[in-house]
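A.B. asks: Below is the sequence, then the predicted model.
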Amino acid sequence: MGEATRMVSGSLKPIAASAWDEGCARHLLWRAGFGGTPGQVAYLAGLGAEGAVSALLDFEKTTGTPAEAPEGFDDSIMAPPTESQRKEVQRARRARDEDALARVRLLRQQKEQADRKQMSQLQRWWLKRLIESPRPMEEKLAIFWHGHFATSYRTIENSSHMFMQNQLFRRHAAGNFGELLHAVVRDPAMIGYLDNNESRKGKPNENLARELMELFSLGEGNYSEQDIREGARALTGYSFEHNSFVFRKEWHDEGTKQVLGRNGVQDGEGFVNAILAKREAAEFITMKLYRHLVNDLPTEGEARRVVIGVVRQLASTLAAARYELKPMLRRLLLSEHFYDRANRLNRIKSPVELVVGIVRSLGTPVRDLGVLNDGLDLMGQSLFYPPSVKGWEGGRSWINTSTFFVRQNIANFLLTGKTPGGYDALAEKERYDFRPMVAEAKKRLGGAELDAAGVARCLIEFCLGRSVEEEKERAIAEYLGSFGALDETGVARTLALICATAEYQLC
């Protein structure tokens with residue numbers, strides 16, 4: 001572990017006005033959003049720390065993209081059969097009418113196929129939102145909750161349920177964690193994913209109760225197997241009908257339960273309240289958010305002690321605010337700790353951060369959302385398809401020989417339109433506008449004559465947030481100079497080269 005990491009500041013005091021600069025604004029934009037253009041970075045820098053944090057965190061004050069479903073979205077594709085349809089199937093079975101039963105199976109297959117197609121449309125819809133939303137922190141937190149309360153369409157096979165859950169995460173993005181936890185146990189996607197829709201008195205299913213404590217709120221070691229059994233009893237009867245939560249009273253175990261030391265728990269609401277009464281819940285969710293926005297927990301030494309101390313202080317803020325997230329997030333995003341050099345430029349960008357960040361910070365054409373979604377899948381982060389209930393592991397798991405190659409190809413595609421098999425069909429029409437980046441370089445060079453070396457240095461510093469070794473900078477400058485002019489081709493390909501570096505994978 002490096003010296004800079006060992007000496008990380010543990011101060012949650014607001015960053016001093018004298019320390020706030022464009023580097024801080026850039027850091028904030030990447031961690032609380034998906035990066036930004038040079039102009040956006042400069043704008044946030046001019047607001048000062050409090051103004052910049054408020055601009056991102058108080059996103060409800062910003063006119064945003066409506067969160068309605070994609071045009072033509074059908075929330076009834078996977079609706080259960082009507083009573084008359086069920087009776088028709090029963091008659092066909094009694095009569096052994098194979099033709100009628102075959103028609104039923106074909107209809108079911110057609111519905112499933114239509115729903116899978118709609119799910120693909122929903123993936124593109126969310127990626128478009130991530131790219132275009134004027135409220136980037138809202139979407140950054142929606143991504144966090146999607147990975148935290150991980151539910152996959154692969155198991156659910158109901159695009160309407162996945163969309164409803166996505167809207168739930170957006171509504172509660174920076175709201176009250178307690179309210180979100182209460183909503184999750186009534187969410188059809190989660191209930192179906194963890195098999196609670198058939199949990200009933202005498203045969204409680206323990207999946208939701210276990211993951212509710214282990215992965216969603218408390219963490220291992222902070223509950224017992226008895227708590228799981230009692231919690232599962234509390235959740236019996238929590239089910240859904242089509243797109244709505246249903247409490248099946250006849251399935252519910254009405255006996256009192258003792259969960260996490262709390263007597264008299266009756267149902268899922270009481271179970272969640274018992275969880276929220278534990279100090280560990282505030283610390284657990286604070287640590288998860290810390291890892292998403294700041295850094296991983298150091299494995300050992302003084303740095304680990306410092307970070308644990310920071311998280312505990314932030315958890316106290318969360319607990320004092322009765323699980324309102326904003327006071328804790330605001331304290332974190334304004335703190336000296338958040339902007340400490342040890343917490344900058346060392347977190348591996350997730351595939352979503354990489355793709356969305358290239359478009360939002362470099363102003364590239366979006367080109368083809370289908371290609372971008374395929375790229376996300378190849379890089380290991382397909383929207384609405386977390387690999388398991390644990391969500392995405394993140395960190396170093398994002399990078400291997402295969403995914404690094406895809407990362408380079410995606411950057412090249414967005415900047416030039418080039419694919420491994422040729423060029424995008426619209427590459428000639430959707431050309432990268434290099435002029436804003438050159439204008440920014442000219443401004444930073446103070447009006448000096450533009451040359452390849454100066455422009456390359458500006459592009460490097462903006463894209464990477466740092467300088468690089470002299471040899472690497474010289475090689476990039478020589479590459480830019482080889483095009484003979486500062487035009488679209490030279491600037492776009494040079495940016496693609498910078499985006500292919502190891503340093504660009506970090507934010």
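C.D. replies: Right, received. Where do you want to start?
A.B. asks: Tell me how this protein divides into domains.
C.D. replies: For the chain, the structural domains run 351-423, 435-505, going by automatic domain parsing.
A.B. asks: who's in contact with residue 197?
C.D. replies: Neighbour list for residue 197: 191, 239, 240 [criterion: CB atoms under 8 Å, 6 or more residues apart in numbering]. Every residue, glycine included, has its C-beta placed from N, CA and C.
A.B. asks: Could you dump the residues you listed into JSON lines and include neighbour count, distance to residue 460 and secondary structure?
C.D. replies: Formatted as JSON lines, those follow (neighbours: other CB atoms under 10 Å; distance: CB to CB, whole Å; DSSP: H, G, I helix; E, B strand; the rest coil):
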{"residue": "191", "neighbour count": "25", "distance to residue 460": "50", "secondary structure": "helix"}
{"residue": "239", "neighbour count": "22", "distance to residue 460": "56", "secondary structure": "strand"}
{"residue": "240", "neighbour count": "21", "distance to residue 460": "52", "secondary structure": "strand"}
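A.B. asks: ok, those vs residue 249, which is closest?
C.D. replies: When the contacts of residue 197 are compared for distance to residue 249 (CB to CB), residue 239 comes out closest, at 10.8 Å.
A.B. asks: How about that closest one, nearest residue that isn't a chain neighbour?
C.D. replies: Once its chain neighbours are removed from consideration, residue 239 has its nearest residue in residue 197; the separation is 4.4 Å (CB to CB, 6 or more residues apart in numbering).
A.B. asks: what's the answer for residue 448, then?
C.D. replies: residue 454 (6.7 Å).
A.B. asks: I'd assumed that neighbour was in a helix, is it?
C.D. replies: Yes - under the criterion used here (DSSP: H, G, I helix; E, B strand; the rest coil), residue 454 sits inside a helix.
A.B. asks: Return the distance of it relative to residue 310.
C.D. replies: To residue 310, residue 454 is 40 Å away according to CB to CB, to the nearest Å.
A.B. asks: Residue 277: neighbouring residues, count only.
C.D. replies: As a burial measure, residue 277 scores 11 neighbours (other CB atoms under 10 Å).
A.B. asks: typo on my end, residue 241
C.D. replies: 12.
A.B. asks: what pairs with it across the strands?
C.D. replies: residue 244 (DSSP bridges).
A.B. asks: can you give me the offset of stretch 474-490 from its chain's centre?
C.D. replies: From the chain centre to the centre of stretch 474-490 is a distance of 35 Å (CA atoms, centre = their mean, to the nearest Å).
A.B. asks: And stretch 33-43, by the same measure?
C.D. replies: Counting by CA atoms, centre = their mean, stretch 33-43 is centred 19 Å from the centre of its parent chain.
A.B. asks: can you check stretch 192-206 too?
C.D. replies: If you compare the mean C-alpha spot of stretch 192-206 with that of the full chain, they lie 28 Å apart, counting by CA atoms, centre = their mean.
A.B. asks: cool, stretch 331-343 as well?
C.D. replies: Stretch 331-343 has its average C-alpha position 21 Å from the chain's average C-alpha position, going by CA atoms, centre = their mean.
A.B. asks: got it, and stretch 159-168?
C.D. replies: The gap between the average C-alpha position of stretch 159-168 and the chain average comes to 15 Å, counting by CA atoms, centre = their mean.
A.B. asks: buried residues in it?
C.D. replies: Taking 16 or more other CB atoms under 10 Å as the neighbour-count basis, stretch 159-168 is seen to contain the buried residues 159, 160, 161, 162, 163, 164, 165, 166, 168.
A.B. asks: List the residues that contact residue 118.
C.D. replies: Taking CB under 8 Å, 6+ apart as the test, what residue 118 contacts is 73, 74, 77, 159.
A.B. asks: Which of the residues you listed fall within strands?
C.D. replies: Judged by DSSP state E, the contacts of residue 118 include no members of strands.
A.B. asks: Tell me which residue is most central in this structure.
C.D. replies: Taking CA atoms, centre = their mean as the criterion, residue 143 is the residue nearest the geometric centre of the chain, at 2.0 Å.
A.B. asks: if I look at it, how far off is residue 126?
C.D. replies: As it turns out, when the distance is counted by CB to CB, residue 143 lies 9 Å from residue 126.
A.B. asks: how about stretch 145-160: buried residues?
C.D. replies: 145-153, 156, 158-160.
A.B. asks: what sits up against it?
C.D. replies: With contact meaning CB under 8 Å, 6+ apart, stretch 145-160 is reached by 74-78, 112, 115-116, 118-119, 122, 162, 165-166, 169, 172-173, 180, 184, 188-190, 192-193, 215-216, 243, 288, 383-392, 394.
A.B. asks: re earlier: check which helix or strand the closest residue to the residue nearest to the centre of the chain other than its chain neighbours maps to.
C.D. replies: Distances taken as CB to CB, 6+ apart put residue 352 closest to residue 143, at 6.1 Å, once the chain neighbours are dropped. Under the criterion DSSP states H and E, the helix or strand holding residue 352 is helix 351-362.
A.B. asks: Which other helices and strands does that helix contact?
C.D. replies: Helix 351-362 is packed against helix 98-132, helix 369-379, helix 401-416, with contacts defined by 3 or more CB pairs under 8 Å, 6 or more residues apart in numbering; DSSP states H and E.
A.B. asks: which is the next helix or strand following the first one?
C.D. replies: Secondary structure here is assigned by DSSP H and E; on that basis, the next helix or strand after helix 98-132 toward the C-terminus is helix 136-148.
A.B. asks: Do me a favour and average the pLDDT over that following helix.
C.D. replies: Across helix 136-148, pLDDT averages out at 98.
A.B. asks: who touches the residue nearest to residue 448 in this structure?
C.D. replies: Taking CB under 8 Å, 6+ apart as the criterion, residue 454 is in contact with 441, 445, 448.
A.B. asks: Only whichever of the residues you listed are buried, select them in ChimeraX.
C.D. replies: Restricted to the buried members of the contacts of residue 454, where burial is judged by 16+ other CB under 10 Å, the ChimeraX selection command reads as follows:
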select :441
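A.B. asks: Rebuild the contacts of residue 454 as JSON lines, extending it with pLDDT.
C.D. replies: Output for the contacts of residue 454, formatted as JSON lines (pLDDT from 0 to 100):
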{"residue": "441", "pLDDT": "91"}
{"residue": "445", "pLDDT": "88"}
{"residue": "448", "pLDDT": "72"}
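A.B. asks: can the contacts of residue 454 go into CSV with extra columns for distance to residue 356?
C.D. replies: Supplementary listing: the contacts of residue 454 in CSV, determined by distance: CB to CB, whole Å:
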residue, distance to residue 356
441, 24
445, 29
448, 33
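A.B. asks: Cross the contacts of residue 454 against helices and list the overlap.
C.D. replies: residue 441 (DSSP state H).
A.B. asks: what about residue 243, neighbour count?
C.D. replies: The number of residues packed near residue 243 is 16, by other CB under 10 Å.
A.B. asks: That one and residue 111: what is the separation?
C.D. replies: Using CB to CB, which is the criterion applied here, residue 243 is 15 Å from residue 111.
A.B. asks: and what of residue 489?
C.D. replies: As judged by CB to CB, residue 489 and residue 111 stand 48 Å apart.
A.B. asks: Need the per-residue pLDDT for residue 384.
C.D. replies: Value listed for residue 384 in the pLDDT field: 98.
A.B. asks: Give me the phi and psi angles of it.
C.D. replies: The phi and psi torsions at residue 384 (degrees, to the nearest 10) take the values phi 70, psi 10.
A.B. asks: Now do the contacts for it.
C.D. replies: Contact partners of residue 384, counting by CB under 8 Å, 6+ apart, are 119, 122, 123, 126, 146, 152, 153, 162, 166.
A.B. asks: distance of it from residue 131?
C.D. replies: The span separating residue 384 from residue 131 equals 17 Å under the rule CB to CB.
A.B. asks: what do you get for residue 292?
C.D. replies: From residue 292 to residue 131 the distance is 19 Å (CB to CB).
A.B. asks: try residue 20
C.D. replies: Look at residue 20 and residue 131: by CB to CB, they are 28 Å apart.
A.B. asks: Alright, calling it a day.
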